[in-house]
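Chemist: How does the following fold in three dimensions:
(2 chains)
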Amino acid sequence: MSNILQVIIVGILVGGLYGLVGLGFGLIQGVMRFVNIAQGSFIILGGFICYWAVTLLHIDPYLSIPLVMLVMFIVGVITYQLLFSPLLKYPKAEMRLDKSLLLTFGAVWIIDNLETLFWTPNSRAVITSYGGKTVNIFGAAVSYTGLIGMGLAILTAAILHIILTRTYFGKHVRAATEDAGAASLSGVNVQLTYMISCGIAVALAGLAGVVVVTNYSITPGGGIAWLLTSMVVVTLAGTDNMNFMIPAGIILGVVQSVSTLLVNPAYQQPIALIIFLLIIMFRPQGLFSRGKRLA
Amino acid sequence: MIGINWKTISISGLVLAIMIFVPLFINLGTGIMNQLVTLLIYILLAQSWNLIGGYTGQINLGIAAFFGCSVMVTHFIWVTGIPIVICVLVGSLSAIILAALIGIPTLRLKGMYFAVGTLALAQALQVIMQNIFNRSITTRGDYVQSYNIDYRYYLGLVLVVIVLIAIYYIRRSKLGQALVAIRDEEQAAQVMGVNTFKYKVISLLISAFIAGLAGGLYAYFRLYFYYTGDIFGLNWTFSAVIAVIIGGGGTLLGPVLGSIFLVILGYIFSLTLGQANLIVFGFLFIIVMLFLPQGLMGGVDLIRPWLSRWGKRSANKI
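Modeler: Next up is the predicted model:
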């Protein structure tokens, strides 16, 4: 019994991270209709920057978050300028989507191999003094780092929700999402809005990278696994549903975590694939989708 | 519709004759023969991706799944002593089954679902196979003793020629017209009465079969697999995609040109740049995608009017 409770609580904590991973991917996909295959590699890159901040500057990994997010924001802006903005000249949304898939697939190749050059193919992790400590919740042991990750995920989702619904920038984002042409005619700088959204999305990947490097370990080729997780989360939540990324992540996390009771823990990716196939066969609009809505 | 172009036929016949007879009479050495077999594998993979990505316009990011599935099936059937040609065919059929499994749910929907599904399939298979075969896969001793690279080369050459002819005729058949219509404007094709879902699935199945042929050739070429995950690795998908994009998608010769480019450049870069050689391909890929969307074949078309104008001017001068 306590075993099952433990597994479910671990699943919820992992699910918070999955939701955070899905937020960045969903932002680019929802706002710009681009698919960023490199999102997983950006997560790993964020983790490596955090690793560098910890080993070179000797600071706490969670204090490096502003630095990591700033660097990743700049990376996101550069990515937008180099890869996404040339695609805006294609009139059809499908064509943009296909081209962005291929372009960012090439970016995955570059980023993964650059990471291998800089940090060697070894697996890296940041180990803090409180890393192994746990707290008891209803008899289940929960690690501090997992709780911090969950808290960061919920905080980020809340901040993103407030930005998208309560600020002028959020209004611009929603307008550009609905109809880029009309938004441009009413005085919204669509290019700038896209650029900042892309920067925010990649900065979110950096934040997720910090959580990953403190809870698990990272290897240069490991981005694809996180990418698939984020894609499954976005498919579960429905592509335009930024509000339900965290619940969708928690569902995926709990399912994967409970499945470890039955099958080898190594088979979590095949389980994610099965969930993905079931979702697109029976409810392709996502579990929580009620209509076309963002934020 | 198919006008017999004697110039094309004679040139391709000449190239084929060179490919057949040069290794027979001149000893090229194992190094070059290995590169040539690798080139043939890349051409098969690139043509497989070209059919689904270049002609049909569906982005497949998991060709490594079909390739790897066929490698494993071919290898384990071949070890029991069945002739290699049958093994390659059975391996390719297993790739078709896998393709149907992933293609039928995902191709129904538009957008990223097909790309995601195939990518996830390759990753899932990689994880499963690494866990089942966590030691290197070996083969029978007598196969190692009787290893001859020439057999691999000629099997590969036969497969490549068959695949090229097949794709040439597919492009000119009703199926090919439907595929190009789906790529150019799916909605319009549907309105005109093309069953887009059916044709997309057919295209994927043929594409998976060709990827399976490449996998069978690879299993015949490499007897040992030290690390099973490599067979399902991202680099196979990337090689296929980059060969098609650099050569020019949706053309018959583009992927062949791209594969030749890839093998020669890979050989040069891996000798001179060391670890950084893979990054160069990534940059090359992005640059070609952005500035030369039709690839090298499109580049030829760009230069051709310029060349003819230049030719005329010089003729006028004379």
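Chemist: name the element A:Asn136 belongs to?
Modeler: For A:Asn136, the host element (DSSP states H and E) is strand A:134-137.
Chemist: Now do that strand: which elements does it pack against?
Modeler: strand A:140-143, helix A:144-166 (3 or more CB pairs under 8 Å, 6 or more residues apart in numbering or on different chains; DSSP states H and E). The C-beta positions use only the backbone N, C-alpha and C, and glycine is treated the same way.
Chemist: Any idea which of the ones you listed has the lowest pLDDT on average?
Modeler: Lowest mean pLDDT of the helices and strands packed on strand A:134-137: strand A:140-143, a mean of 83.
Chemist: Alpha carbons of that strand, as PDB, please.
Modeler: Listed next in PDB are the C-alpha coordinates belonging to strand A:140-143 (Å, rounded to 0.1, in the frame of the first residue of the first chain):
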ATOM      1  CA  ALA A 140       6.000   8.300   1.500                       C
ATOM      2  CA  ALA A 141       9.600   9.700   1.200                       C
ATOM      3  CA  VAL A 142       9.900  12.800  -1.000                       C
ATOM      4  CA  SER A 143      13.100  14.400  -1.900                       C
END
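Chemist: Show me what counts as buried in whichever strand or helix holds B:Cys87.
Modeler: B:Cys87 belongs to helix B:84-106 when assigned by DSSP H and E. Neighbour-count burial for helix B:84-106, counted by 16 or more other CB atoms under 10 Å in any protein chain shown, picks out B:84, B:87-92, B:94-96, B:98-99, B:102-103, B:105-106.
Chemist: Please identify which pair of those lies farthest apart.
Modeler: Pairwise distances across these (CB to CB) peak at 33.5 Å, for the pair B:Ile84 and B:Pro105.
Chemist: In chain A, what residue spans correspond to helices?
Modeler: Under the criterion DSSP state H, chain A contains helices at A:2-32, A:39-57, A:65-79, A:93-119, A:144-166, A:168-178, A:180-185, A:190-215, A:223-237, A:245-259, A:268-282.
Chemist: To B:Ile206, which of the ones you listed lies closest?
Modeler: Nearest of the helices of chain A (CB to CB): helix A:93-119, 20.1 Å.
Chemist: Show me what that closest one is packed against.
Modeler: For helix A:93-119, the packing partners by 3+ CB pairs under 8 Å, 6+ apart come out as helix A:39-57, helix A:223-237, helix B:234-247, helix B:277-291.
Chemist: In a markdown table, list those helices along with distance to B:Asn34.
Modeler: Shown next, in a markdown table, are those (distance: least, CB to CB, whole Å):
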| stretch | distance to B:Asn34 |
| --- | --- |
| helix A:39-57 | 31 |
| helix A:223-237 | 29 |
| helix B:234-247 | 16 |
| helix B:277-291 | 18 |
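Chemist: closest to B:Ser48 out of those helices?
Modeler: Per CB to CB, nearest to B:Ser48 of the helices and strands packed on helix A:93-119: helix B:234-247, 6.7 Å.
Chemist: hang on, A:Ala53 packs against A:Met69?
Modeler: No. A:Ala53 is beyond contact range of A:Met69, at 11.5 Å (criterion: CB atoms under 8 Å).
Chemist: any idea which helix or strand comes after the helix ranked longest in chain B?
Modeler: In chain B, with assignment by DSSP H, the single longest helix is helix B:196-221. Counting by DSSP H and E, the element after helix B:196-221 in chain order, helix or strand, is helix B:228-231.
Chemist: residues in contact with that next one?
Modeler: Around helix B:228-231, the neighbours that count as contacts under CB atoms under 8 Å, 6 or more residues apart in numbering or on different chains are B:64, B:67-68, B:71-72, B:126, B:129-130, B:133-134, B:136-137, B:218, B:225.
Chemist: ok, now with 7 Å
Modeler: B:Gly68, B:Val71, B:Gln126, B:Met129, B:Gln130, B:Phe133, B:Ile137, B:Phe225 (CB atoms under 7 Å, 6 or more residues apart in numbering or on different chains).
Chemist: Now it: average pLDDT?
Modeler: Averaged over helix B:228-231, pLDDT sits at 86.
Chemist: Put the alpha carbons of it into CSV.
Modeler: Extracted in CSV, the C-alpha atoms of helix B:228-231 (Å, rounded to 0.1, in the frame of the first residue of the first chain):
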residue,chain,number,x,y,z
THR,B,228,22.6,-2.5,-30.5
GLY,B,229,21.4,1.0,-29.8
ASP,B,230,23.6,2.3,-32.7
ILE,B,231,21.4,0.5,-35.2
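Chemist: Residue in the stretch 101-250 of chain A with the shortest distance to chain B?
Modeler: The stretch 101-250 of chain A approaches chain B most closely through A:Ile110 (3.6 Å), counting by CB to the nearest CB.
Chemist: May I ask you to confirm that that residue is in contact with B:Gly282?
Modeler: Yes. Between A:Ile110 and B:Gly282 there is a contact at 3.6 Å, judged by CB atoms under 7 Å.
Chemist: helices and strands around the helix holding B:Cys87, which ones?
Modeler: The contact analysis (3 or more CB pairs under 7 Å, 6 or more residues apart in numbering or on different chains; DSSP states H and E) places helix B:84-106 against helix A:268-282, helix B:63-78, helix B:113-132, helix B:196-221.
Chemist: Name every strand pairing with the strand holding A:Asn136 and say which way it goes.
Modeler: Partners of strand A:134-137 in the sheet, by DSSP bridges, are strand A:140-143 (antiparallel).
Chemist: tell me which residues in the strand it pairs with are buried?
Modeler: Neighbour-count burial for strand A:140-143 [16+ other CB under 10 Å]: A:Ala140, A:Val142, A:Ser143.
Chemist: do stretch A:122-131 as well
Modeler: Neighbour-count burial for stretch A:122-131, counted by 16+ other CB under 10 Å, picks out A:Arg124, A:Val126.
Chemist: what's in contact with it?
Modeler: With CB under 7 Å, 6+ apart, stretch A:122-131 has contacts from A:50-51, A:54, A:60-61, A:144-145, A:213-214, A:216-219.
Chemist: from the middle of its chain, how far away would stretch A:243-258 be?
Modeler: Centre-to-centre, stretch A:243-258 and its host chain are 13 Å apart (CA atoms, centre = their mean, to the nearest Å).
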